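**Student:** missing the sequence, but the structure's below:
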């Protein structure tokens with residue numbers, strides 16, 4: 001969250017269930033040199049995990065990014081975070097390679113605008 005104050009391209013959004021803050025996500029408003037739009041973080045409070053908030057937030061963000069003409073959305077997760085991997089796969093993200101980059105598995109979602 002603190003990094004979003006210093007990185008101009010980072011957008012931070014809170015995730016709520018009615019009036020309760022359950023998490024947040026960070027995404028890049030501008031593409032990198034390869035025309036990839038990154039989602040650096042999505043976090044759901046431990047006591048609210050497994051209730052579908054992360055998936056709903058990701059679906060909303062993906063739709064927002066599609067409207068903004070993003071065609072390549074990238075996200076990473078630690079290899080031992082199998083739940084994140086399954087979530088991203090269920091949303092259509094595919095591994096970019098079997099290689100672990102900077103300690104993370106990198107996944108790509110190609111969208112149609």
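**Tutor:** Happy to help now that I have it. Treat the numbers as computed from the prediction; the structure is a model and nothing was measured. Numbering: from 1, shown residues only.
**Student:** Could you look up the SS state of the nearest residue to residue 104 once chain neighbours are set aside?
**Tutor:** Spatial nearest neighbour of residue 104, excluding adjacent residues (C-beta to C-beta, 6 or more residues apart in numbering): residue 76 at 3.5 Å. No exception for glycine: its C-beta is placed from N, CA and C like everyone else's. The assignment at residue 76 comes out as strand when based on DSSP: H, G, I helix; E, B strand; the rest coil.
**Student:** ok, residue 76 - contacts?
**Tutor:** Residues touching residue 76, when contacts are defined by C-beta atoms under 8 Å, 6 or more residues apart in numbering, comprise 101, 102, 104, 105, 106, 107.
**Student:** Residue 66: which of those is nearest?
**Tutor:** residue 107 (16.7 Å; C-beta to C-beta).
**Student:** In contact with the nearest residue to that closest one once chain neighbours are set aside, which residues?
**Tutor:** Of all residues beyond its chain neighbours, the one nearest residue 107 is residue 93 (3.8 Å), with distances taken as C-beta to C-beta, 6+ apart. Each residue near residue 93 by C-beta under 8 Å, 6+ apart is listed here: 73, 75, 107, 108, 109.
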